[in-house]
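Student: pasting a predicted model and its sequence here:
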Amino acid sequence: MDVIDDKEAFRRACDGVRLRGERLGVVPTMGALHAGHLRLVAGAAERADRVAVTLFVNPTQFGPNEDFARYPRTLAQDLERCAAAGVSLVFTPSVEQMYPPGERTRVRVDSLTEHLCGRSRPVHFEGVTTIVTKLLSLTGPCVAVFGRKDYQQLKVVQRLCADLLLPAEIVGLATVREPDGLALSSRNAYLSASDRARALAIPRALSAALVHAGTDGVTAGEIKRGVEQTLSQAGLRIDYATVADPDLLQPLAHDVPLPPRALVAVAAYLGDTRLIDNVVTSEDPPPIPS
Ligand code: PAF
């Protein structure tokens, strides 16, 4: 496994994979790798001959009062996990490599970033789309794998690549969950034992929404209220609970009957820790199997 911190060396290594006639799979991450990331690596390996993982805590996708400084950084362990997972290339750039002095460019995707996380984290997606553009410009043609836990990010990155003609096939893989239903997230590491227990209200609310979605004539507003009730009864501070079109990411009017495919997405705080999760009706299994 080659660990590379220089961007031009990483570009050459990615070019080298293709020059040997091999397909490159890419898993962009911010490190603190857990089983969810390793599932993305496995998904990339199923679709490509060589896998590259990028480990970079991207400052531009964090707002001024967010957790950039305390975001978990576990490089030694991440490298061990990548090696054990059969990764060929790991890219670990510095902030100066990705944002050299004098840089002035940001990439923005409209409309899809207007609601959900885009509403409460105004700079977030611009940071994500800027860094993903830079990373994919270094990797060149590849299949890039993202998790559906960050469903809005997945849709935004798909749009970005289509609109900017980036030569990456973007694949979204199912959310990986703990046996009790909590979605794996690097931020779960922040939770105290009691907050970890309370966080189960999130998969509980989404599982109930999937059941509720099967009721004839149920409206988007009723699904939203059910989710909000479960979260607030468990003492979570709701950032949003939104029922939206799963492709356009625009919230559905409250009084419309729920269409067969709808995105039910939540963001909620336990103390200072903000967790997100989602399901798409008719696509995803219940987070807590019945
Ligand atoms: O999902 C993440 O870990 C990040 O948002 C990404 C895509 C690596 C960009 O920094």
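Tutor: Received, thanks.
Student: which bits of the chain sit near the ligand?
Tutor: Listed as neighbours of the ligand in the chain under the rule Cβ under 6 Å from any ligand atom: 28-30, 58, 61, 128, 131-132, 150, 153. Glycine gets a C-beta too; all of them are placed from N, C-alpha and C.
Student: ok, 5 Å please
Tutor: Those residues of the chain that sit near the ligand, judged by Cβ under 5 Å from any ligand atom, are 28-30, 58, 128, 131.
Student: nearest spatial neighbour of residue 5, chain-adjacent residues omitted?
Tutor: Nearest non-adjacent residue to residue 5, counting by Cβ to Cβ, 6 or more residues apart in numbering: residue 92, 5.0 Å away.
Student: my read: the one you found touches residue 3, true?
Tutor: Yes. Assessed by Cβ atoms under 8 Å, residue 92 is found in contact with residue 3 at 6.2 Å.
Student: the two - which one has more neighbours?
Tutor: Neighbours per residue (other Cβ atoms under 10 Å) separate residue 92 from residue 3, with residue 92 holding more: 18 against 15.
Student: show me where this structure has strands.
Tutor: 2-4, 24-29, 50-55, 89-91, 142-147, 168-173, 237-244, 263-270, 273-280 (DSSP state E).
Student: among these, which is nearest residue 195?
Tutor: Among those, strand 263-270 comes nearest to residue 195, with 4.0 Å by Cβ to Cβ.
Student: picking that back up, which among the residues of the chain next to the ligand count as buried?
Tutor: 28-30, 58, 128, 131 (16 or more other Cβ atoms under 10 Å).
Student: can you list these in a markdown table and add distance to residue 10 and pLDDT?
Tutor: What follows is these, written out as a markdown table (distance: Cβ to Cβ, whole Å; pLDDT from 0 to 100):
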| residue | distance to residue 10 | pLDDT |
| --- | --- | --- |
| 28 | 12 | 98 |
| 29 | 14 | 98 |
| 30 | 16 | 98 |
| 58 | 15 | 98 |
| 128 | 19 | 98 |
| 131 | 14 | 98 |
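Student: from the residues you listed, which two are the most distant?
Tutor: 29 and 128 (12.2 Å).
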